[in-house]
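>>> sequence and predicted structure below; questions after.
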Amino acid sequence: MEYLSIVQSYVTGPGLVAQILLTIVAVIVLYAIITVCEVVVETVKKFNHQTADLFPDTTTTKQVLVQSTTSDSPLIYNSENEVHGMEFSYSMYLFIDPETFEKSVAQTCGGAVAQDRNFLKHIFHKGGKDGFPLMAPGLFVEGDKNTLRLYMNSSNKWDNYVTIPNIPIGKWFHLVITVKGKYLDVFVNGNITVRHEFDTVPKLNSGNLYVLYPMKFPKNPSETDIVQGFRVDNAAKGMVSRLKYYAYAINYAEIDKLYR
């Protein structure tokens, strides 16, 4: 008790020692307040960067989300310092119209005349306007059957892709794409359908997001040999709804909640 009274007299007394001690205490308190505020701001900022409602409603026509701080579009942020490396997820509801697979008149694409149904139909991709070579990811439906094709760039290959067969046609279904480290998973209606392991790390880009875009590729015969198997003619006929992005790989509980 005697020691406490001595300390109290130093701190609350009128002398120089008391003023110095009060100043030190005030500086420490102020520093602590600033630190807490910075942590709160960074936490809020990180939380805001974790998710983005890209299209909370339903769209049936082409959309472009410009990825620029001067744009009004929602921004898609890459994951940072995750335990397993790079992570992200896309969640959406899709409705593929049966007309997507109907034969149409022959069209010219890349200098070669071919039936429209032999080409991929665009659903969405993030990257360059023409898709090639930036797609992280890129989702298409095959023009001759109810199969989705999902492309994802990696550090050594632009055209990694997986197929998701037997997708529902003429009815809504839920689709989730997740990337975690070197693994890509696709969930349809809450169930995992495809898992793919990349040879090297996936490669992201800062390009725009294109939805149901009337994309045509290749545009000239010289590109045909470069991109064997990647031929796109127009957008899929249908609807995209509740398109949402996460800067991390959402878990099964989150996927099930989104689906239900």
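Perfect, thanks for sending it. Numbers count the residues shown, from 1 in each chain.
>>> where in this protein is pLDDT low?
Applying pLDDT under 70 to the chain flags the ranges 1-19, 21, 37-49, 80-84, 103-118, 221-228.
>>> tell me where it has helices.
Using DSSP state H, the helices assigned to the chain run over residues 2-12, 16-50, 252-259.
>>> count the neighbours of the closest residue to Phe88 other than its chain neighbours for me.
For Phe88, the nearest residue in space outside its immediate sequence neighbours is Val179; the separation is 5.4 Å by C-beta to C-beta, 6 or more residues apart in numbering. Any C-beta I mention is one placed from the backbone N, CA and C, and that applies to glycine too. When counting by other C-beta atoms under 10 Å, one arrives at 26 neighbours for Val179.
>>> what sits against Val179?
Taking C-beta atoms under 8 Å, 6 or more residues apart in numbering as the criterion, Val179 is in contact with Met86, Glu87, Phe88, Ser89, Pro137, Met152, Asp185, Pro202, Ala249.
>>> how about a markdown table for those, with distance to Ile169 and neighbour count added?
As requested, the contacts of Val179 are arranged in a markdown table below (distance: C-beta to C-beta, whole Å; neighbours: other C-beta atoms under 10 Å):
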| residue | distance to Ile169 | neighbour count |
| --- | --- | --- |
| Met86 | 33 | 20 |
| Glu87 | 31 | 21 |
| Phe88 | 28 | 24 |
| Ser89 | 25 | 24 |
| Pro137 | 22 | 23 |
| Met152 | 24 | 23 |
| Asp185 | 23 | 19 |
| Pro202 | 29 | 22 |
| Ala249 | 28 | 22 |
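>>> which residues sit in contact with Leu94?
Remark: with contacts taken as C-beta under 8 Å, 6+ apart, Leu94 is in contact with Ile123, Ile167, Trp172, Phe173, His174, Leu175, Gly238, Met239, Val240, Ser241.
>>> quick one: buried ones out of these?
Burial of the contacts of Leu94 was assessed by neighbour count (16 or more other C-beta atoms under 10 Å); the buried members are Ile123, Ile167, His174, Leu175, Gly238, Met239, Val240, Ser241.
>>> for the residue nearest to Phe88, list each beta-bridge partner.
Counting by DSSP bridges, Val179 is bridged to Phe88, Leu184.
>>> in the contacts of Leu94, find the pair that's most separated.
Of all pairs drawn from those, the widest gap by C-beta to C-beta lies between Ile167 and Ser241 and measures 15.3 Å.
>>> against Met135, how distant is Leu54?
Distance check for Leu54 against Met135: by C-beta to C-beta, to the nearest Å, it reads 16 Å.
>>> hey, C-alpha coordinates of stretch 158-177 in PDB?
Once side chains and other backbone atoms are set aside, the C-alpha atoms of stretch 158-177 remain, and they are given as PDB (Å, rounded to 0.1, in the frame of the first residue of the first chain):
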ATOM      1  CA  TRP A 158      -4.100 -21.100 -71.200                       C
ATOM      2  CA  ASP A 159      -6.700 -23.800 -72.100                       C
ATOM      3  CA  ASN A 160      -7.000 -26.000 -69.100                       C
ATOM      4  CA  TYR A 161     -10.700 -27.100 -69.000                       C
ATOM      5  CA  VAL A 162     -13.100 -29.500 -67.500                       C
ATOM      6  CA  THR A 163     -16.500 -30.700 -68.700                       C
ATOM      7  CA  ILE A 164     -19.700 -30.900 -66.600                       C
ATOM      8  CA  PRO A 165     -22.100 -33.300 -68.400                       C
ATOM      9  CA  ASN A 166     -25.800 -33.800 -68.100                       C
ATOM     10  CA  ILE A 167     -26.700 -30.400 -66.900                       C
ATOM     11  CA  PRO A 168     -30.500 -29.700 -66.600                       C
ATOM     12  CA  ILE A 169     -32.000 -28.000 -69.700                       C
ATOM     13  CA  GLY A 170     -35.100 -25.800 -69.500                       C
ATOM     14  CA  LYS A 171     -35.000 -25.500 -65.700                       C
ATOM     15  CA  TRP A 172     -33.000 -23.600 -63.100                       C
ATOM     16  CA  PHE A 173     -30.000 -25.200 -61.500                       C
ATOM     17  CA  HIS A 174     -27.300 -24.000 -59.100                       C
ATOM     18  CA  LEU A 175     -23.600 -23.900 -60.000                       C
ATOM     19  CA  VAL A 176     -20.600 -23.200 -57.800                       C
ATOM     20  CA  ILE A 177     -17.000 -23.000 -59.000                       C
END
